[in-house]
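Novice: give the three-dimensional model of this entry:
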Amino acid sequence: METLSTDCGNMHSDIYRTLGLKELRKGVFRSPRVLRLLSSLLDKSVQKNEMLLETTQIKDVATIFHGLRPPTVSIRDYVDRIFKYSGCSPSCFVVAHIYMDRFLQQTDIRLTALNVHRLLITSVMIAAKFVDDAFFNNAYYAKVGGVSTEELNRLEMKFLFSIDFRLQVNVNTFGNYCYQFGKRNCWWASD
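Specialist: I've put the predicted structure just below:
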């Protein structure tokens, strides 16, 4: 079975390093670039969808992922918080993005300010459970994400059933998502 190891010597190695998926030196901590890129991508998607909803007759479908009002924390700060307190590998955020794409493709949901945070904490938690060797329990992720444990349990179940429990991410898919992040890195996510 293929794994998501970033230690392989293939063409994606430089992209993995650029995104912060490979350690440069032991003991040096920097927020991986992939977090900034993911935050920017989600922000742009939310803005695009909200503009679409405002300018067309399309109605947003309210789901259990929707809050009553947008959280006050930015997507960037939320991603950084999850990374800081969850102990997830940077690869989890790539896998979480893949899971979010799968979820959005299977549902009539558009990414908005009302649902992006809940979708993010849910997908990162699921990715951590599936990809990382060590992870926290749902109660801990709920605290990190600012939701109740009961709510996160419901979100996890809804998310998993919506993607038909398709959690396996092959090396090519992972590499393609990293490549797309790498391309974005070139023109809009400089330090």
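
Novice: where does the residue lying farthest from the centre of the chain land in three-state SS?
Specialist: Within the chain, the residue lying farthest from the chain centre (C-alpha atoms, centre = their mean) is Gln57, at 28.7 Å. Secondary structure assignment for Gln57 (DSSP: H, G, I helix; E, B strand; the rest coil): coil.

Novice: so where's this protein shaky on pLDDT?
Specialist: 1-30, 184-191 (pLDDT under 70).

Novice: all strands of it, in order?
Specialist: With DSSP state E, there are no strands along the chain.

Novice: helices of the protein, start to end?
Specialist: Remark: helices assigned in the chain by DSSP state H are 13-19, 33-55, 75-86, 90-106, 116-131, 138-145, 149-162, 171-188.

Novice: out of those helices, which gets nearest to Arg69?
Specialist: Among the helices of the chain, helix 116-131 comes nearest to Arg69, with 11.4 Å by C-beta to C-beta. The C-beta positions use only the backbone N, C-alpha and C, and glycine is treated the same way.

Novice: list the helices and strands that closest one packs on?
Specialist: Contacts defined by 3 or more C-beta pairs under 8 Å, 6 or more residues apart in numbering; DSSP states H and E place helix 116-131 against helix 33-55, helix 75-86, helix 90-106, helix 138-145, helix 149-162.

Novice: what's the angle between the first one and helix 75-86?
Specialist: The one in question is helix 33-55. 140 degrees (axes from the mean of the first three to the mean of the last three C-alpha atoms, to 10 degrees).

Novice: residue contacts, Ala134?
Specialist: Contacts for Ala134 (C-beta atoms under 8 Å, 6 or more residues apart in numbering) come out as Gly87.

Novice: now do it against Ile109, distance only.
Specialist: 31 Å (C-beta to C-beta, to the nearest Å).

Novice: how about Cys92?
Specialist: 22 Å.

Novice: the two: which has the busier surroundings?
Specialist: Using other C-beta atoms under 10 Å as the criterion, Cys92 and Ile109 rank with Cys92 on top: 27 against 19.

Novice: which residue sits closest to the more buried one, ignoring its sequence neighbours?
Specialist: Leaving out its chain neighbours, the residue that sits closest to Cys92 by C-beta to C-beta, 6 or more residues apart in numbering is Ala127, at 4.3 Å.
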